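In: Fold the following, please.
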Amino acid sequence: MRALELGSPGEMRDELNSLVLAGAKTATTCLLDEYAEETEGLEYVGERQALLDNEGRCIATLAITGVDVKPFGQVTWEHARAEGEGDTSLEAWREVHRSFWSGAGTPVDDRTVVVCLAFHVAHRA
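Out: You can find the predicted model right below:
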């Protein structure tokens, strides 16, 4: 089973994992280029993935319910809201994500291709 590590290690990952376990976060967004860098294939609907904590332990099994590849500028408010991170608008969501990826060394514009994943918790560890 492949694994999913949300956000950056530390406090951010703890917070995002808590949102997933509470049922508030049912989506995430990844850069398509990262799949090539990590030689990973895209997720597929029905796939199960281990959600990992900061120590690499599985805290839940996620079932992938949606995979949508599109330019960053075409991500919908429905997807952004499903990320459950408290953004009040699509533009606020975009700014947070641009800042995160830029801080990681990958500036993002509206043409940058992303993978929008939807999921639900299938099992808690």
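In: Now do the strands in the protein.
Out: 2-4, 27-31, 48-52, 58-71, 113-124 (DSSP state E).
In: how far off strand 113-124 does the fourth one point, in degrees?
Out: Compare the direction of strand 58-71 with that of strand 113-124 by axes from the mean of the first three to the mean of the last three Cα atoms, to 10 degrees and you get 160 degrees.
In: Can you spell out which helices and strands pack onto the helix or strand of the chain with the lowest mean pLDDT?
Out: The helix or strand of the chain with the lowest confidence, counting by mean pLDDT, DSSP states H and E, is helix 32-37 at a mean of 90. In terms of contacts (3 or more Cβ pairs under 8 Å, 6 or more residues apart in numbering; DSSP states H and E), helix 32-37 is packed against strand 113-124. Every residue, glycine included, has its C-beta placed from N, CA and C.
In: Show me which positions of the strand it packs on end up buried.
Out: Neighbour-count burial for strand 113-124 flags 114, 115, 116, 117, 118, 119, 121 (criterion: 16 or more other Cβ atoms under 10 Å).
In: Am I right that the second one is in contact with residue 67?
Out: Spelled out, it's residue 115. Yes - counting by Cβ atoms under 8 Å, residue 67 is a contact partner of residue 115 at 6.6 Å.
In: which residues do these two both contact?
Out: 42, 43 (Cβ atoms under 8 Å, 6 or more residues apart in numbering).
In: shaky segments in this protein?
Out: Regions of the chain meeting the criterion pLDDT under 70 are absent.
In: Report the central residue of it.
Out: The centre of the chain sits closest to residue 28, judged by Cα atoms, centre = their mean, with a distance of 2.4 Å.
In: That one is in contact with residue 6, isn't it?
Out: Yes - counting by Cβ under 8 Å, residue 28 does reach residue 6; the two are 6.2 Å apart.
In: re earlier: what's in contact with the least confident helix or strand of the chain?
Out: Residues outside helix 32-37 that contact it (Cβ under 8 Å, 6+ apart) are 40, 41, 42, 69, 106, 113, 114, 115.
In: Let's see that with 10 Å instead.
Out: 31, 40-43, 69-72, 101, 104, 106, 112-115 (Cβ atoms under 10 Å, 6 or more residues apart in numbering).
In: Sweet, I'm off.
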